[in-house]
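Asker: Let me see the structure of the following:
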Amino acid sequence: MALGRRVPTAAALLFFVAVATGCAGAAGGLTPSASVTTTIQGWEQWLRLDWTAETTPNGHELHGYIYSRYGAAIYEVRLLAQGLDDEGNVIGQKIEWVPGIVPGLQRASFRISGLRPAARYRVSVWSFETIEGKGFL
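Answerer: Residues are numbered from 1 along each chain as shown. Predicted coordinates for the structure are as follows:
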C-alpha cells in the first residue's frame, strides 16, 4: 500500500521538476526581436545613450557614449543594436559589451561594428549589473 502512494508522489515531483526546468530554459533563451529590446524594463531611468552611425570599410558601425544617471558604477553592460528597414522591421541585430565600467554619474564610450546596412538603427541597453548591489536595479 505504501508503494502505491509513492508512485503518484514521484510522478508529481517529476512533473514539477520538468515544469521548473522548462520555465528556466525559456527565461534563459530570451532573444532580441522587434518587440523585445531589453531584459531590464525601465533601464532608461538609469542609463542614457548618445550615438551615431557611419559607414566604414568593415561595414556599418555605431559609436557613442552611455551615460549613467545612477550614483554607483554600472558594469557588464550589453547593448543591443538593431538595423531596421523602411517599415521598421528588424533586418539585423547584434549584442555588444560596453568595455569596462560606467562610473556613477559619468559616461563610457562604446563601439558596435560589423552591422548590415539598414535604413536606420536603434540601440538599447540589453542588460547590466550594478557594483553596489551585484544585481539588477
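
Asker: Could you report the neighbour count for the closest residue to Val98 other than its chain neighbours?
Answerer: Distances taken as C-beta to C-beta, 6 or more residues apart in numbering put Val77 closest to Val98, at 4.0 Å, once the chain neighbours are dropped. Any C-beta I mention is one placed from the backbone N, CA and C, and that applies to glycine too. For Val77, the count of nearby residues is 23 (other C-beta atoms under 10 Å).

Asker: now Thr55
Answerer: 10.

Asker: again with Ala73
Answerer: Ala73: 18 neighbours (other C-beta under 10 Å).

Asker: from here on, count from 613
Answerer: Noted, 613 is the first residue going forward, which turns the last one into Ala685.

Asker: does the residue nearest to Val710 really touch Val737, like I thought?
Answerer: Yes: using C-beta atoms under 8 Å, Val689 is in contact with Val737, at 6.6 Å.

Asker: what's the domain layout of the chain?
Answerer: 613-642, 655-742 (automatic domain parsing).
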